[in-house]
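Visitor: sharing a sequence plus its predicted fold:
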Amino acid sequence: MHRLQRLVLLAALLLLTPMAAAGNESTWRVALESGPLGPVEFYLDITRDGDTLAGRSRSGALERLQAIPGRRSIDDGLLVFSAVRNEDGSFAGDILAPWQDGAITLTIDAGQLSGEIDNGIFTGSFTGVPAASVEPLRDYVAILDDFDDVVASKVFAPDDLAHPGYREFREELGHVAAAATDDLDLLFGFRWLWRNDPFSHFQLRRSAQTAEQMFAFFDEYRVGFEAATVEFAGNVAVLSVRTMMGADTIEQIQAAFARIAEERPDALVIDLRGNGGGAFAVKPLVEHVIDEPLDAGFFISQVWNGSHDEPPTTEQALAAPVWQGWSIIAFWKAVQEADIVRVQFRPAEPNFDGPVYVLLDERSASATEMAADALRSSGAATLIGRRSAGEMLSQSMFDVADGFIVSLPVADYYSVAHGRIEGVGVPVDVEAEPAQALDVAMELFQNGSSGAD
């Protein structure tokens, strides 16, 4: 069934008049454990017509959200579904949701609602109880007041909060909060209103843990999938890296370079297309390629910006001590306490000293951009594809009232060789459609060209 047809069916079901038939319509207070959003609560209206259920979240701010340019699939609500009864009495069907549709299974038994959502931003399990009334679940205006205090005290450049883009965002989000009845209103308002203006790395979600509790696990965090793999196309090694996050990603990159040293290919392609960044997997990725110490760049924080109108000169940055340790927790502490955090890479064994080609696209972001720029600065690599995202800030997390957590940028990064990356991106030496970038790299190598001329 096409999406439009499903929307028409859902609309028809929701326009039935079940209040005239007792028990056909009910409102539930739902608790959803969602990976992308955190543990959220919202109201859900469910209409039953025989063996069919139709549901939609009840948004107090729906009209406000619908008016935001670029809104996504919210004509009937933020979460809309239809489901039919299975032989076991449970219901299963489709869910229409922003960005990605999914599947829903649920049961209603003895005044209890429970179920699962697969795919999309609502992925997770949920439970629900009948709602006696629909009142705001929290004081969302007060939550935003606390949010303002946290952002002002922690963001790397407080002057940016006077930027017209930020002021418009905050004003509109205030209107959403004033109308909000549940967590989805505020969270989706944030996601639709924020357009990385004037900075990136800004997110709002809910969490069952405090920021401090979450920090304790970051250095040991493992992504749990094959984040870095190496394959060989004749005499060329192709190292694909999907994220810069995770201790296991670091291990996989190190293992890949060990295998590359054994196979001794003539060239290396590092595929960073679609890699949104993360953390310190950038270190082995760069250090196994360079053959001498490289001052890649430096971070400046609110400490610097609070007493200077301009970023430091290269001479000032290189006079700062080299930051060491490569702990995520230690790094977040350093960029909030020191005015300059100087990043230097040092050669690591085994070292690859042949031609290197790095593949980029518009989704290559954050720590991925640091890696690409460092390899570009070293002269060891030719960059192919499209200019990167230009989202190169250091992000940290902070508690906001009532279980909300805001992630925001606490430091800005400057390349020693090329300047600021945020809002600019890392340019490539050879422009190519991202889908053809690997073929271009292979052709350049076979022709004995760097493509940079």
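Guide: In hand now; what should we look at?

Visitor: drop to CA atoms for contacts and neighbour counts, all remaining ones
Guide: OK.

Visitor: just the helices in this protein please.
Guide: Listed from the start of the chain, the chain has helices (DSSP state H) covering 3-14, 62-66, 140-154, 164-179, 183-193, 211-215, 247-263, 282-287, 302-305, 314-319, 328-337, 367-378, 437-446.

Visitor: what sits up against stretch 79-86?
Guide: 10, 51-57, 91-98, 104-105 (Cα atoms under 8 Å, 6 or more residues apart in numbering).

Visitor: those, buried ones only, as a ChimeraX selection?
Guide: A single ChimeraX command suffices to select whichever of the contacts of stretch 79-86 are buried according to 16 or more other Cα atoms under 10 Å:
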select :10,53,54,55,56,57,91,92,93,94,95,96,97,98,104,105
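
Visitor: any idea how far stretch 104-122 is from the chain center?
Guide: With Cα atoms, centre = their mean, to the nearest Å as the basis, the distance from the averaged C-alpha position of stretch 104-122 to the chain average is 26 Å.

Visitor: mind checking the end-to-end distance for that stretch?
Guide: Chord length of stretch 104-122, first to last residue, is 10 Å (Cα to Cα, to the nearest Å).

Visitor: which residue is the nearest non-sequential neighbour of the residue most central in space within the chain?
Guide: Taking Cα atoms, centre = their mean as the criterion, residue 276 is the residue nearest the geometric centre of the chain, at 7.4 Å. Nearest-residue entry for residue 276: residue 365, 4.6 Å, with adjacent residues in sequence omitted and distances by Cα to Cα, 6 or more residues apart in numbering.

Visitor: quick one: the one you found and residue 100, what's the gap?
Guide: From residue 365 to residue 100 the distance is 22 Å (Cα to Cα).

Visitor: neighbour count: these two, which is higher?
Guide: More neighbours surround residue 365 than the other of residue 365 and residue 100, with 31 against 13 (other Cα atoms under 10 Å).

Visitor: mind listing what the closest residue to residue 327 other than its chain neighbours touches?
Guide: Taking Cα to Cα, 6+ apart, and ignoring the residues beside it in sequence, residue 327 has residue 219 as its nearest neighbour in space, at 6.3 Å. Applying Cα under 8 Å, 6+ apart, we find residue 219 in contact with 246, 247, 327, 328, 329.

Visitor: so where's the stretch 251-400 of the chain shaky on pLDDT?
Guide: Per-residue confidence for the stretch 251-400 of the chain (pLDDT under 70) gives no ranges below the cut-off.

Visitor: buried residues, stretch 248-260. List them.
Guide: The neighbour-count criterion (16+ other Cα under 10 Å) identifies 248, 249, 250, 252, 253, 254, 256, 257, 258, 260 as the buried residues of stretch 248-260.

Visitor: kindly report the same for stretch 60-80.
Guide: 60-62, 64-66, 71-74, 76-80.

Visitor: try stretch 351-365
Guide: Of the residues in stretch 351-365, 351-352, 355-365 count as buried by neighbour count, 16+ other Cα under 10 Å.

Visitor: same question, stretch 303-313
Guide: Those buried within stretch 303-313 under the rule 16+ other Cα under 10 Å are 303, 304, 305, 311, 312.

Visitor: look at residue 136 and say how many residues are nearby.
Guide: Applying other Cα under 10 Å, we find 17 other residues in the vicinity of residue 136.

Visitor: whoops, I mixed them up, residue 37
Guide: Residue crowding around residue 37 was assessed by other Cα under 10 Å; the count is 20.

Visitor: and the pLDDT for it?
Guide: Turning to residue 37, the model gives it a pLDDT of 94.

Visitor: next, count neighbours for the nearest residue to it once chain neighbours are set aside.
Guide: Take residue 37 and drop its neighbours on the chain: the residue closest to it by Cα to Cα, 6+ apart is residue 205, 5.3 Å away. In terms of burial, residue 205 registers 23 neighbours under the definition other Cα under 10 Å.

Visitor: list the contacts of residue 205.
Guide: 36, 37, 38, 187, 404, 405, 406.

Visitor: quick one, which of those residues are buried?
Guide: Among these, those classed as buried by 16+ other Cα under 10 Å are 37, 38, 187, 404, 405, 406.

Visitor: quick one: residues contacting the fourth one.
Guide: With contact set as Cα under 8 Å, 6+ apart, residue 404 has these partners: 204, 205, 206, 207.

Visitor: for the closest residue to the first one other than its chain neighbours, list the residues it contacts.
Guide: In space, and not counting its chain neighbours, residue 204 is closest to residue 406: 4.6 Å by Cα to Cα, 6+ apart. If you count contacts by Cα under 8 Å, 6+ apart, residue 406 has them with 147, 202, 203, 204, 205, 397, 398, 399, 400.

Visitor: now render the residues you listed as JSON lines, adding distance to residue 168.
Guide: Putting the contacts of residue 406 into JSON lines (distance: Cα to Cα, whole Å) gives the following:
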{"residue": "147", "distance to residue 168": "16"}
{"residue": "202", "distance to residue 168": "15"}
{"residue": "203", "distance to residue 168": "17"}
{"residue": "204", "distance to residue 168": "17"}
{"residue": "205", "distance to residue 168": "20"}
{"residue": "397", "distance to residue 168": "23"}
{"residue": "398", "distance to residue 168": "23"}
{"residue": "399", "distance to residue 168": "23"}
{"residue": "400", "distance to residue 168": "21"}
